[in-house]
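Novice: Sequence first, then the predicted structure, then my questions.
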Amino acid sequence: MEIARLADLTGTKYPARRWTRNIVGGASPIKTQAFAMGYVVLEPLGGQVPWHNQDQEEVYFVLEGTCEMCLGTERRTLNSGEAVNIPSGVFHQLTNIGPTPAVMIYVYGPAGEVSHWRQELAGTLPKAGVGATPPLPAGACPQTA
């Protein structure tokens, strides 16, 4: 039986001020093919999953805190207990806009690493509106990494 215990997962701290732990897939002891799931803590006032897109369909579920969600040309506030569907190929960004850590769970499928993780760690993640990426929606929090 494969069991992943959140407290035992070291995860990765990213330049955009978030800590991500793979619960299913990636570095987790639970390996799947159909989907991956992770637990993310965004630091107060600006911790972020930067503007990116990916081939996988994804859902973000905010467990704690208040976040700004940018999805394509839309910008909305997500609060604790709210989820958002992210279609395949659509640029998106999540930013903690509150004074306390925000916590969210992501689920995407199929499983596998998404390229923005490696790009952010390497410092090569394109900034919103630069290169091939579209700009962030009007009024959005700036991209930090």
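Specialist: Everything's here; your move.
Novice: For the most centrally placed residue in the chain, list the residues it contacts.
Specialist: In the chain, the C-alpha closest to the average C-alpha coordinate belongs to residue 49, at a distance of 4.2 Å (CA atoms, centre = their mean). Residue 49 sits next to 16, 18, 40, 42, 60, 92, 93, 94, 95 when contact means CB atoms under 8 Å, 6 or more residues apart in numbering. (Each C-beta comes from the backbone N, C-alpha and C, glycine too.)
Novice: My guess is the first one contacts residue 43. True?
Specialist: No. Using CB atoms under 8 Å as the test, residue 16 is too far from residue 43 to be in contact (9.0 Å).
Novice: Looking only at neighbour counts, state which of those two leads.
Specialist: residue 16 (22 against 16; other CB atoms under 10 Å).
Novice: rewinding a little: could the contacts of residue 49 go into CSV alongside pLDDT?
Specialist: Formatted as CSV, the entries for the contacts of residue 49 read as follows, by pLDDT from 0 to 100:
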residue, pLDDT
16, 96
18, 98
40, 98
42, 98
60, 98
92, 97
93, 97
94, 98
95, 98
